[in-house]
Every structure is written in structure tokens, then in C-alpha cells.
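>>> A structural model of the following input is requested.
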Amino acid sequence: MAKLSNCTSGHSIYLRAQHVFGRDPLSDTLLDSPGASRLHAAIHWTGQRWELRDLSRHGSLVDGVRVPTACPVPLRLGSLLSFTADGCQRWCVEDLAGPAPMLLPLDGGTPVLLGGANPLPPELQEALRLVLGERGQWLCCHARGAQPLSEGEEVRMGGRRWCFASGTDPHLTPPGLGASMGLDGPTALELRVSLDEEHAWLKLHHFGHVLDLGERSHHYTLLTLARMRMQDAERGVSTEAQGWVEHGRLASMLGIDGPHLNIQLFRLRQQIAQAVPHPLEPPTLVERRRGALRLQALPCRVLRGQTLQGSYEPWRLAQASPWADARSS
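Alright, predicted model coming up:
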């Protein structure tokens, strides 16, 4: 199982298949620093390697290089991860073994790896056992019967509190996008438009949650931005320049005025903020600069009717990135 050690305190952590760092109390690893975002970064197991994604406002560094937004960066043994500018949240990668089912002590310490018919060490064998059922799910067996264990469920034994980690990542491939498209990762968009271009629907895939946001007029605005980014990517435009459109031009394309466009963008942000469950932070779908905007670098696909019209995979299209060689290896 993968292991990181804090360069300041020497404290070690073991990574879950989907491991979140941030200031939120429900994060897997709490970053107690004013420079950290509520949801700062995530490390996840792809099935072949560990990758880090920056989710913050202030950025994350791997070996001194800032991680590109929405672009997964593979971890290497000995890599140095920095989450805050004050240097208090610097972690060294000590082990990159794949995830395994385990019990993580909530008071700190070494986790207990699970395996075999009765995997618990003698000091933890009280009135219960943890066994792997026929369907591949871990069961907590006690005098009253057997109860399936869910990811993150708390187990009390040996006078201590433990958190169950299954060693699998339910978020590895967001449902509905399909492995054939290669759109893995914590956030992805699925946009569908009617054949007459009058109605647009949005599904947001965010850390394993599939949020069906239905039909809204502001979804067509997002669809237009997605098409512009896809077209630029197909023409070979650099990642930094893809998809930008002037505010006035976009309003004209949509047949509305500037204030109406601002209202649509506000309603989109409001809808996303209300739909994303706590403690997850709502993703930023639209990126802005002075007088212009574009779709954020998020994987997405567009369907017209039931036909796939196009897709966008930002990390496959990234250019001039210090991680390009590592991603292709």
C-alpha cells in the first residue's frame, strides 16, 4: 500500500484508493494550514499507478513543479509533494504499492492489512471477525450474524476506533462515461442537446456522484463553450489558448444580451453549488479572464440526440507539460 511521510513531523499516512487532502474535517488527510483549500488535492489509484490532481485555488507542487489544473500527475518513489506555501504540508512518497483492504486506526498508527479467513492480529480478535464473502465484499461477523462493511465505515475493537478501507475505488470510472472514452478522474461533464438545438441537458460526474441536472437554458451556454474548446483542440490550438471567447461574442452567438448571459452563468454556478453534496467542493466549470471566458479544462462529451458529437480529454491534449513523458510511459 502506498505511503507518504510528512517532511516536518515525520508522521506517515497510508493512501486509500481515492485519498483527499484538504482543510475540510472529513478529508482523508487534514491539512491544518491557512494556505490549504477546503478540498485541496486528491490522489487516486488508476488500476496501474497513483496519480495526483490539484483541486485547490493556490496550487500543489510535485518536485517543485506546479501541477496543471485538472491534469493528473503520476507519482514516483521519492517525489516531494507540497500543498501549501508555508512548507508545513510537504510530503515524501515512500511507497507506491497498490491499494489493499485494511483497517486504518483513527487515532494514528500503522494500519492492519486484511487477508485470509481471519486476518486480524490476536490483540484485535474480540467478539468479531472480518472475513471476505463469496461476492468479494468484506463482512463483519459477530454473535448476531454477518454485516457487510462499507467504504469508510467505523469499526470498534481492541479499545480503539478503526476506519475500513476496501482497497478499491468506486470513482475510478464515472458511470455513464465509459472506459472506452478514457474519461477517468474526479470530475467530468456529459452534455446532450436535442436535434433541433432547442433543449440541453447536463450530467455532472463528481467524485463518484452522478448528478443529473436536467434541462436548463443555461446548459446550452455551457454546451456552446464545450464545443468551442473541442473545436480548438481538434485544430491543434495550444491548451492555454483553447476555447477562449469574448463575453460579447458569446452573448451574440446565443442571441442574448450581456446581462442575460451573466444571469445564465450565475444560475449555472448556483445549480452546481446546490447539487454537489457536502463535503465536496463544487467544481468550477467556467474559467474567466478580463472580457473573456471558456470551459474549464475538464473531460467532457457532447451528444446530439443519441449520437456522440465530440469529446474532450484535457490530459491527453496537454502540450509542453513537464509530465508529458511520464503520462505516456
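>>> shouldn't residue 167 be in contact with residue 104?
No: look at residue 167 against residue 104 with CB atoms under 8 Å: they stay out of range, at 11.3 Å. For the C-beta atoms, the positions are set from N, CA and C on the backbone; glycine is no exception.
>>> tally of neighbours for the closest residue in space to residue 190 that isn't next to it in sequence?
Distance criterion CB to CB, 6 or more residues apart in numbering; nearest residue to residue 190, sequence neighbours excluded, is residue 203 at 4.0 Å. Number of residues near residue 203 (other CB atoms under 10 Å) recorded here: 19.
>>> before we move on, could you check phi and psi at residue 203?
Here is the backbone geometry of residue 203 (degrees, to the nearest 10): phi -120, psi 130.
>>> What distance do you get for it to residue 3?
Applying CB to CB, to the nearest Å, the value for residue 203 to residue 3 is 36 Å.
>>> Also residue 141?
Where residue 3 is concerned, residue 141 sits at a distance of 29 Å (CB to CB).
>>> Show me where the stretch 201-329 of the chain has its helices.
Under the criterion DSSP state H, counting those that start in this stretch, the stretch 201-329 of the chain contains helices at 217-234, 247-254, 258-275, 314-317, 324-328.
>>> Worst mean pLDDT among those?
Ranked by mean pLDDT, those end with helix 324-328 in last place, scoring a mean of 43.
>>> and the strand or helix carrying residue 190, average pLDDT?
Assigning secondary structure by DSSP states H and E places residue 190 in strand 187-193. Mean pLDDT, strand 187-193: 91.
>>> Tell me the helices and strands packed up against that strand.
strand 200-206, helix 217-234, strand 300-304 (3 or more CB pairs under 8 Å, 6 or more residues apart in numbering; DSSP states H and E).
>>> and it, how far from the chain's centre?
16 Å (CA atoms, centre = their mean, to the nearest Å).
>>> same question, stretch 240-250
Worked out by CA atoms, centre = their mean, stretch 240-250 lies 26 Å from the chain centre.
>>> got it, and stretch 149-168?
That offset, for stretch 149-168, works out to 22 Å (CA atoms, centre = their mean).
>>> Residue 189 bridge partners, please.
Using DSSP bridges, the bridge partners assigned to residue 189 are residue 204, residue 300.
>>> quick one, what contacts it?
202-205, 222, 226, 285, 298-301 (CB atoms under 8 Å, 6 or more residues apart in numbering).
>>> Just give me the closest of those to residue 159.
Among these, residue 205 lies closest to residue 159 (CB to CB), at 40.7 Å.
>>> That closest one touches residue 188, doesn't it?
Yes: under the criterion of CB under 8 Å, residue 205 makes contact with residue 188 at 4.4 Å.
>>> thinking residue 97 is in contact with residue 2, fair?
Yes: Residue 97 lies in contact with residue 2 (CB under 8 Å); the separation is 6.1 Å.
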